[in-house]
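> task: produce atomic coordinates for the following.
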Amino acid sequence: MTELLSRAELNTFVTPLENTGWTRTHDGHALSKTFVFADFVSAFDWMTRVARISQEMNHHPEWTNVYKTVAVTLTTHDANGLTMKDITLAQDMDKAANA
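Numbering: from 1, shown residues only. The predicted structure is shown next:
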C-alpha cells in the first residue's frame, strides 16, 4: 500500500500546489482544482494528455468535464488520503495545462 503523506510532507508539497489553485477538501483527504480552458476541444485535449500520464502512473483522477471546464479531485483510495501519487499527478496536470 502507498504511504500517506506526513504532516511535514503535506506542508512541503501541498502549499506550492495551493499557490496554483489546488485546495484540500474539507476532510483533508483529497486535493481539488477546477481547470478552465479556451473551449471544449482544448479541455478534451488536456484530458487526453492527462489520461495517458495517469495510465502510466496507474493513478487515476476523479474528474468531470462540462464544455471548457474540468473539475478534478485527487486522492489515493487504498491509503484513504493523500500520497505522493496525488502530488505528482497534480503537478503533472498543472504542467500539461500550461504547455
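> hang on, N65 in a strand?
Yes. Counting by DSSP: H, G, I helix; E, B strand; the rest coil, N65 is found in a strand.
> quick one: contacts for it?
Residues near N65 by Cβ atoms under 8 Å, 6 or more residues apart in numbering: 43-44, 47. C-beta: built from backbone N, CA, C; applies to glycine.
> over to F35?
By Cβ under 8 Å, 6+ apart, the neighbours of F35 are 43, 46, 69-72, 93, 97.
> would you mind finding the longest helix in this structure?
In the chain, with assignment by DSSP state H, the single longest helix is helix 40-57.
> how about that one: buried residues?
43, 46-47, 49-50, 53-54 (16 or more other Cβ atoms under 10 Å).
> can you lay out those as TSV showing distance to N19 and pLDDT?
TSV is the format used below for these (distance: Cβ to Cβ, whole Å; pLDDT from 0 to 100):
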residue	distance to N19	pLDDT
A43	23	99
W46	20	99
M47	23	99
R49	22	98
V50	20	98
I53	21	98
S54	23	98
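> what is the nearest of the contacts of N65 to M84?
The shortest approach to M84 among these belongs to M47, at 22.5 Å (Cβ to Cβ).
> put together JSON lines for the contacts of F35, with distance to E18 and secondary structure on each row.
Output for these, formatted as JSON lines (distance: Cβ to Cβ, whole Å; DSSP: H, G, I helix; E, B strand; the rest coil):
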{"residue": "A43", "distance to E18": "23", "secondary structure": "helix"}
{"residue": "W46", "distance to E18": "21", "secondary structure": "helix"}
{"residue": "T69", "distance to E18": "20", "secondary structure": "strand"}
{"residue": "V70", "distance to E18": "19", "secondary structure": "strand"}
{"residue": "A71", "distance to E18": "17", "secondary structure": "strand"}
{"residue": "V72", "distance to E18": "14", "secondary structure": "strand"}
{"residue": "M93", "distance to E18": "14", "secondary structure": "helix"}
{"residue": "A97", "distance to E18": "16", "secondary structure": "helix"}
